[in-house]
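> Return atomic coordinates for the entry below.
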Amino acid sequence: MNVQMTPLQTPPVRDDRDDEGSGRGRTYAIGGVALFLALGGFWYFTHKSAPPARRVMAAPVHVAPVEVRSMSVVERTIGTVLANSTVSVNARIQGQMIRAAFKEGQMVKAGDVLFQIDPRPYQATYDNAMASMATAKAKADRYARLKAQNAIAGQEFDDAQAAYLEAKAAVESARLNVEFTTIRAPVNGKTGPMLVQPGNMVAASTASTSAVPLVTLNEIQPVKISIALPQSDLPRIQEMQRTKGLTVNVALHDAGGGDDIKIPVNFISNAVTGNTGTIELRASYPNENLSLVPGQLVDVVVALAEIPNATQVPREAVNTGPDGQFVYVIKDGTAQQVPVKVQFDDGVMQAVSGNLKKGDSVIVEGQLRVIPGAKVSITGTKKKPGDGPNGGKGAMTSGRRKVPHAQDHEG
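Sure, this is the predicted structure:
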């Protein structure tokens, strides 16, 4: 059998030199594209036109005019109503209380009966003292006659007279105890709650011992209004009291009364309170309609002096910066920073010294948006203090007390 075998063929061999050439070409192409993009980006960013200038907007502000007029130097504070006198009514003898002759909260007059203590034990003591005095008096009279006849020794006469005087003193003491069983009001005033009810035993209160008071009386016609002012005001207080007389204005409309009242100060304390640095002043008010009661708080304004021709601006216009206090004044549509020094702050307006004149417009709202020397836009004018709902009255605080300004709350 004739078998033919097909000869084996050698596989083709790959030429790596062709691949190396094509890969190098692609690398060059990618590098060229990247270089072109980089150069293009560099040219774009370095030749980009400058952005248009931003338009500066004028800051909107509210203004108020500078005023020149006299300003009262006042202190606004809180006053406390005090009773003209406060008396704790106590029993002067021991015994059982059998009756109360008043109602709690009743107005009483000096001498009115308040309580009655059982008088029977003291009445019996008084009657016995009267009998003893009668015996002693009879003996003293008899010894006086015998002494006139030289029938007895002088010592016996003296003893009889002394016994009579002792019995007489015992009668007076017993009579006072009977009188003390009726407890009367020592002053005009208003009664408080009964602290001991009828039927209870009461103890005597003496200089060395104290007992529970039966009731407390407050004399509330008149009342005293007590206020405390800073010791720095003492020179003004003394000067005003010496020249014109110091007075206080008390707001009764918030205390249930009528119009505000003006009453003179009749007491200035002789010492400054150490822990508060204040001095106490008091003024008496008749309180005819009983509108004020002890312990009540009232708004008080005290006029201490007056600054004539004071340059005044609203307190919101004054700002504090690194170099001190200043205001923004509108000149030719721009905001100019003007340094000032505050002389007095009454809670609404401030008296200042600085380069200001009457009629200048000062910024009172929007200061945080203002750049010194920049344009501003006036969007409103603040009303005068008297045009407001409070009639020009500021917050009821001390004239010098710092309170936040309106601009402190902006933004």
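> where along the stretch 201-350 of the chain do the strands fall?
Under the criterion DSSP state E, counting those that start in this stretch, the stretch 201-350 of the chain contains strands at 201-202, 215-230, 247-251, 261-268, 278-285, 297-314, 319-321, 324-331, 334-345, 349-354.
> how far off strand 278-285 does the fourth one point, in degrees?
Meaning strand 261-268. Orientation of strand 261-268 against strand 278-285 (axes from the mean of the first three to the mean of the last three CA atoms, to 10 degrees) gives an angle of 130 degrees.
> For strand 261-268, name the packing helices and strands.
helix 234-243, strand 247-251, strand 278-285 (3 or more CB pairs under 8 Å, 6 or more residues apart in numbering; DSSP states H and E). Every C-beta, even on glycine, is put in place using the N, C-alpha and C of the backbone.
> repeat that with 6 Å
Counting contacts by 3 or more CB pairs under 6 Å, 6 or more residues apart in numbering; DSSP states H and E, strand 261-268 is packed against strand 247-251, strand 278-285.
> Including mean pLDDT and mean neighbour count, could these go into CSV?
Formatted as CSV, the helices and strands packed on strand 261-268 follow (pLDDT from 0 to 100; neighbours: other CB atoms under 10 Å):
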stretch, mean pLDDT, mean neighbour count
strand 247-251, 90, 19
strand 278-285, 94, 20
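> which stretch among those comes nearest residue 329?
Smallest distance to residue 329 across the helices and strands packed on strand 261-268 (CB to CB): 33.9 Å, for strand 247-251.
> who does the closest one touch, helix- and strand-wise?
Packed next to strand 247-251, using 3+ CB pairs under 6 Å, 6+ apart, are strand 261-268, strand 297-314.
> Try it again at 10 Å.
strand 67-89, strand 215-230, strand 261-268, strand 278-285, strand 297-314 (3 or more CB pairs under 10 Å, 6 or more residues apart in numbering; DSSP states H and E).
> Among the helices and strands packed on strand 261-268, which comes closest to residue 85?
When the helices and strands packed on strand 261-268 are compared (using CB to CB), the closest one is strand 278-285, at 11.9 Å.
> name the helices or strands packed onto that closest one?
Using 3+ CB pairs under 10 Å, 6+ apart: strand 278-285 touches strand 67-89, strand 215-230, helix 234-243, strand 247-251, strand 261-268, strand 297-314.
> Can you pull out the low-pLDDT segments for the stretch 301-411 of the chain?
Where the stretch 301-411 of the chain drops to pLDDT under 70, the residues are 384-411.
> which residues does residue 59 bridge with?
residue 376 (DSSP bridges).
> let's number from 3 now, not from 1
In the new count, where the first residue is 3, that last one comes out as residue 61.
> give the contact list for it.
337, 365, 368-373, 376-379, 381 (CB atoms under 10 Å, 6 or more residues apart in numbering).
> again, only this time at 6 Å
371-372, 378 (CB atoms under 6 Å, 6 or more residues apart in numbering).
> Just the buried ones out of these, please.
371-372, 378 (16 or more other CB atoms under 10 Å).
> ok, now how distant is the closest residue to residue 212 other than its chain neighbours from residue 330?
Take residue 212 and drop its neighbours on the chain: the residue closest to it by CB to CB, 6 or more residues apart in numbering is residue 92, 8.0 Å away. For residue 92, the distance to residue 330 equals 68 Å [CB to CB, to the nearest Å].
> Looking at these two, which is more packed in?
Neighbours were counted for residue 92 and for residue 330 using other CB atoms under 10 Å; residue 330 has more, 23 against 18.
> so that one touches residue 337, yeah?
Yes - judged on CB atoms under 6 Å, residue 330 makes contact with residue 337 at a distance of 4.5 Å.
> circling back: out of the strands of the stretch 203-352 of the chain, nearest to residue 41?
With distances scored as CB to CB, the stretch of the strands of the stretch 203-352 of the chain nearest to residue 41 is strand 336-347 (49.0 Å).
> between that closest one and strand 351-356, how big is the angle?
Using the same axes, to 10 degrees: strand 336-347 against strand 351-356 is 120 degrees.
> Quick check: bridge partners of residue 275?
residue 280.
> so how far is residue 282 from it?
With CB to CB as the criterion, residue 275 and residue 282 are 7 Å apart.
> now do the same end-to-end measure for stretch 113-129.
26 Å (CA to CA, to the nearest Å).
> Okay, buried residues for it please.
In stretch 113-129, counting by 16+ other CB under 10 Å, buried: 116-119, 121, 123-124, 127-128.
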